[in-house]
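[1] following is a predicted model, sequence given first.
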Amino acid sequence: MKIISTIDELRDQLRGQLRTAFVPTMGNLHEGHLSLMRLARRHGDPVVASIFVNRLQFGPNEDFDKYPRTFEADVAKLEKEGVYVLFAPTERDLYPEPQEYRVQPPDDLGNILEGEFRPGFFNGVCTVVTKLFSCVQPRVAVFGKKDYQQLMIVRNMARQFALPTEIIGAETFRAEDGLALSSRNGYLSTAERTEAPFLYQTLQYVAEQTRAGHADLAALERDAMERLAARGWQPDYVSIRKRMNLQAPGREEYEAGAPLVVLTAAKLGATRLIDNLEI
Ligand code: PAF
């Protein structure tokens, strides 16, 4: 595997490649990321991964500085997966000057759910993804459904800008007890790690109730938030949305069986976890 940090070198290395499959990451790789690499391999060749902790998508009080950086271990994992190139730019390589041109998603998608609680987050994501795509020029790129809203925003962005990159969504990789794998799980204490699967159980509860035709989705969302709070969580949201655009379903749409997804974000101690479940 070639490890490349500069844009020029990356372009030289990938020149002429027409079927590149790309997996952007922020490192601290776990089985969830590796499943994205395997999916990428089924959709293209060569597989290119990136590791870049993107300052633009972190708020001033978020965990940019303490975000886990485990480069050596990540490299070993990617080599095992047969990744051809790892693009691992420094901040100066990717942002040699302040990144003043930004890619701003529309408010009705970028400022809801995660975007409401993490202002500027999707602007940072769209900007870095656009720049990484410009560097790698992939034919396909793989994003996990764990970050459901991110996947939808990137997919819409690629469509609206007519980018020559197909966006592929990968199923969420879960631990045996149901907890979605995430680099931030590493922040959990032992007691919190034992409690953490309750977030997914809450999503399963909401999904079951919704499938059973629960009469009042807003009340169901409140109920789920209360269940989390009763066990010491601080939920930001539990929200049932239409899969097609992440807007809340109207009663008629719900009754007509519009495909739905329930999304949540909640803090357990100091760690904020997100998860979702298609209904
Ligand atoms: O999902 C992530 O790890 C990041 O948001 C991404 C897509 C690599 C952009 O920094």
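    Structure's in. What do you need?
[2] from here on, contacts and neighbour counts on C-alpha atoms
    Fine.
[3] my read: residue 88 touches residue 51, true?
    Yes. At 5.0 Å, residue 88 counts as touching residue 51 under the criterion of CA atoms under 8 Å.
[4] what touches both of those two?
    Residues touching both residue 88 and residue 51 (CA atoms under 8 Å, 6 or more residues apart in numbering): there are none.
[5] which non-adjacent residue is nearest residue 235?
    residue 266 (3.8 Å; CA to CA, 6 or more residues apart in numbering).
[6] do residue 123 as well
    Residue 123's closest residue in space is residue 104 (CA to CA, 6+ apart), at 4.9 Å.
[7] looking at the one you found now. What's its pLDDT?
    Residue 104 carries a pLDDT score of 98 in this model.
[8] from what I can see it touches residue 121, true?
    No. Using CA under 8 Å, residue 104 is not in contact with residue 121, being 10.0 Å away.
[9] compare the two (neighbour count), which wins?
    residue 121 (22 against 16; other CA atoms under 10 Å).
[10] ok, residue 196 to the ligand distance?
    Distance, residue 196 to the ligand, by CA to the nearest ligand atom, to the nearest Å: 20 Å.
[11] next up, the contacts around that residue.
    Applying CA under 8 Å, 6+ apart, the residues near residue 196 are 179, 268.
[12] ramachandran angles for it?
    The phi and psi values for residue 196, taken as degrees, to the nearest 10, are phi -50, psi -40.
[13] which residues does the closest residue to the ligand within the chain form a beta bridge with?
    Here the residue of the chain nearest the ligand is residue 25; by CA to the nearest ligand atom that distance is 3.7 Å. Residue 25 has these beta-bridge partners by DSSP bridges: residue 51.
[14] near it, how many other residues are there?
    As a burial measure, residue 25 scores 17 neighbours (other CA under 10 Å).
[15] does it touch residue 51 like I think?
    Yes. Between residue 25 and residue 51 there is a contact under CA under 8 Å: 5.0 Å.
[16] let me see the contact set for the residue nearest to residue 235.
    For residue 266, the contact set (CA under 8 Å, 6+ apart) comprises 199, 233-237, 272-274.
[17] how far away is it from residue 181?
    As judged by CA to CA, to the nearest Å, residue 266 and residue 181 stand 15 Å apart.
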